[in-house]
Structure formats: C-alpha cells, structure tokens
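**Student:** how does the following fold in three dimensions:
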Amino acid sequence: MTLAGGAALRAAAVGVIWAAGFFVLSRIWAGLLLGVTSSQFALVMRQTAGVAIFAFAGWVALVFLQAFFDGYTPKRAAIGPGDEDTEHEASVPTRLATVLPVLRGVVLGAVLGLTVLIVLSRLGVDIGPLLAGFGILGLALSFGSQALVRDIVSGLFFMLEDAFRVGEYVDTGRLKGTVEKISLRSMQLRHQSGQIHTVPFGQVQSLTNASRDWATVKFNVRLDHSADIEQARKAIKKTGIALQEDPEFGPHFIAPLKMQGVADITDSAIVIRLKFTGKPNHASMLQREALKRVYRALNEARVPFASNAVTVRGGEGGTQSQAAAAISAVPPPTPLVPAAG
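**Tutor:** Numbering: from 1, shown residues only. Below you'll find the model as predicted:
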C-alpha cells in the first residue's frame, strides 16, 4: 500500500508540473501569437481545466491501482527444463495472489473506460448513445459468443471454489500440467515435456488437483518364493525410519515408508506392497529414493528378489519351440520392480 501511495504521489506531482508548464506556455503563446485576450483565455482555461482534472484523476488512479496490484502479486520464478526435483513448493502463491492478475485486468479496464466516458462527457459528447450502443453490442456478443460467456462464467466459479492456483499440478482429464497462468477465460498448463496447453474453462468438465495437502504413494516389489517376509518387513521398516531421519528427505514425509503386506502370489514371485505419505510436490522424488534404499536394504538382508528366468523341463521329446513358447508367456517386469540382485 505504501509503494502504491508513493507511486500515485509521484504521478500527481509529475502531472501538476506538466499542467503548470502547459498553462504558462499556453498563456504566452495565446497572447503573443494568437492575440487572445485575458478574458477569452480564462474562459478556455476553465473549460479545459474541467476535462483535465478528470483525466488527471483517472491517470493517478490507474497508476495507484497498477502499483498496488504489482506490489501484492508475487513474481514467480521461471521454471526451466532443469532438475524436476528442484524445490517448487515455496513458489505456489496464495489464493488471493492467484486471483489478483485476473482482478487487475478487470479493475484497470473499468477505471480506464469510466475515465474515457467522463472526459468525453466533459468535452460535450453525448455518451447516452454510446452506452446504448455498447449495451446492444454486449448483448449481441453474449448471444453470438456463448462459448466465450461459458468460459468466463466457469472460470469465475473455479476461482470462487479455489479449485486450483498458479503453480499447482492439475489434470483436466484430457490435458495435465502445472498451472502457469490464469486469465479471465482460460488457463495455461505447462506439461512435464515443456509444452504449454491453453485450456478454456468451459471445456473443463472435471479437474483433479495433485498439489494439495498430501499424497499417498503405493508400489509393489516382487520377491522370490523363498524370501523371508518377516525379514523383508523389518528391513523396509528400518529403511522408512532412516528416510524420516534424513535431513534432505525427512521433512517431506508425512507418514513413514512401510510394508502393507503381501499383495499377490504368482507363479514366479511373492508381490509385497509398500506405501508412504508425503508432500505432493515431492512424491515422485521420495518414491525413487525409497526404491533405491529398499533395494539396497533387501540385498543386505539377503532377501532374494523374484527372477524372470524361466526353467523349462521336458523329456527327450521336448522341442525348442516349446521352450520358446514358455519364455514368451512370461510377462515383462514392471518399471517399479528392481532388477534381481
């Protein structure tokens, strides 16, 4: 507020200086070049002053509001294609800071339009037909651009419900990404690969916000049939405690890493399920670190992982085609399963 007031005072001072200079130069030129008398000059100045005062007040108001919005709107650092684990949580602004850019455009546009109408009225222009024309034009646009009206109305309700903010990761069903910019009718999403998607609000039927409060991550690890499940549970528990005590990763955990139990038993493996709860912006990083440490801990505890090797037993009549068919029947390993140690 102080910065905005200072900017408005500077604008007012500059305006006063320009007005005084204009008055002095006009008085000199009017008397020397045009031969205007003092009474005629005073009449012209009174008419001009009425217009200048409103134009000056509108200009000072615009400078004040622009400085006010710029002061309260946080400047987000540009996120380049660098390390995806860079700390971005502090860059997520508040709800008010997300709405301010949209509110800024609406308020500045309204003040500018009102100033122009008042100045035209002081100049003797009948603004009644202008207002009627703008009303008819707005009505025609509302009927002819129903999609635009739907986008604006939907956007207002999204903002009132605080469905998302700048800097949060959202999924609209068709497109997903980090919200980089919000306008009156659309939002811009930055995909992980770098593309920017512009999504009109009217096309968003449902929206999933992945950056609020917390995120629970579950993933599976495949162990050999001969593995000691209790020993694996203890090793995973120690890993979860170590992760919480780690100064780099610990502050991002909400609930520690633990083994939920056996999720499935297949022909080639015992599938155990692990889970943890962490801050949503760091869930992927925590999962990668957890997998790395679990892999090392299970190897140190001599808990064997499931192998994808296929053993084919058959009599002398067994053929190579049967062995190849057996091998092809084995599903490929999932990305979350560590390789066999």
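**Student:** within the sheet, what are the partner strands of whichever strand or helix holds residue 276, with directions?
**Tutor:** Residue 276 belongs to strand 270-278 when assigned by DSSP states H and E. Sheet partners assigned to strand 270-278 using DSSP bridges are listed as strand 215-223 (antiparallel), strand 253-265 (antiparallel).
**Student:** tell me the buried residues in it?
**Tutor:** 270, 271, 272, 274, 276, 277, 278 (16 or more other Cβ atoms under 10 Å). C-beta coordinates here come from the backbone N, C-alpha and C atoms, glycine included.
**Student:** can you check stretch 118-132 too?
**Tutor:** Quick answer for stretch 118-132 (16+ other Cβ under 10 Å): 118, 119, 122.
**Student:** restricted to helices, list those.
**Tutor:** 118, 119, 122 (DSSP state H).
**Student:** can you pull the contacts of the first one?
**Tutor:** Contacts here follow Cβ atoms under 8 Å, 6 or more residues apart in numbering; on that basis residue 118 touches 54, 58.
**Student:** can you rerun that using 10 Å?
**Tutor:** By Cβ atoms under 10 Å, 6 or more residues apart in numbering, the contact list for residue 118 reads 51, 53, 54, 55, 57, 58, 127.
**Student:** just the closest of those to residue 265, please.
**Tutor:** Using Cβ to Cβ, residue 58 is the member of these that sits closest to residue 265, with 76.0 Å.
**Student:** what sits closest to the closest one if chain neighbours are left out?
**Tutor:** Ranked by Cβ to Cβ, 6 or more residues apart in numbering and with sequence neighbours excluded, the top spatial neighbour of residue 58 is residue 115, at 2.9 Å.
**Student:** what's the average pLDDT for the helix or strand harbouring the one you found?
**Tutor:** Assigned by DSSP H and E, residue 115 belongs to helix 95-122. On average, the pLDDT along helix 95-122 is 76.
**Student:** repeat for stretch 242-259
**Tutor:** pLDDT averaged over stretch 242-259 gives 90.
**Student:** buried stuff in it?
**Tutor:** Result for stretch 242-259 [16+ other Cβ under 10 Å]: buried residues 243, 244, 249, 252, 253, 256, 257, 258, 259.
**Student:** that older thread, just send the strands paired with strand 270-278 back as a markdown table, with distance to residue 178 too.
**Tutor:** A markdown table is the format used below for those (distance: least, Cβ to Cβ, whole Å):
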| stretch | distance to residue 178 |
| --- | --- |
| strand 215-223 | 15 |
| strand 253-265 | 21 |
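**Student:** re the thing from before, so who does the residue nearest to residue 58 touch?
**Tutor:** Contacts of residue 115 by Cβ under 10 Å, 6+ apart are 54, 55, 56, 57, 58, 59, 61, 62.
**Student:** the residues you listed in helices, which ones?
**Tutor:** Per DSSP H, the contacts of residue 115 map to helices at 54, 55, 56, 57, 58, 59, 61, 62.
**Student:** verify the stated contact: residue 207 with residue 170.
**Tutor:** Yes - the pair residue 207 / residue 170 is scored as a contact, 5.7 Å apart, by Cβ atoms under 10 Å.
**Student:** list residues touching both of these two?
**Tutor:** 163, 164, 176, 187, 199.
**Student:** and the residues you listed, which two are furthest apart?
**Tutor:** Farthest pair in the shared contacts of residue 207 and residue 170, by Cβ to Cβ: 163 and 176, 14.4 Å.
**Student:** about what we covered before: need the shared contacts of residue 207 and residue 170 in CSV (columns: secondary structure, distance to residue 67 and neighbour count).
**Tutor:** As requested, the shared contacts of residue 207 and residue 170 are arranged in CSV below (DSSP: H, G, I helix; E, B strand; the rest coil; distance: Cβ to Cβ, whole Å; neighbours: other Cβ atoms under 10 Å):
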residue, secondary structure, distance to residue 67, neighbour count
163, coil, 30, 16
164, coil, 28, 24
176, strand, 36, 17
187, strand, 26, 23
199, strand, 31, 20
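**Student:** okay if I get the buried residues of stretch 242-259 as TSV plus distance to residue 191?
**Tutor:** Shown next, in TSV, are the buried residues of stretch 242-259 (distance: Cβ to Cβ, whole Å):
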residue	distance to residue 191
243	29
244	32
249	26
252	24
253	27
256	32
257	29
258	33
259	34
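**Student:** tell me the one of those residues nearest residue 183?
**Tutor:** For these, the nearest to residue 183 is residue 252 (32.4 Å; Cβ to Cβ).
**Student:** can you tell me how far that closest one is from residue 168?
**Tutor:** Residue 252 is 17 Å from residue 168, where distance means Cβ to Cβ, to the nearest Å.
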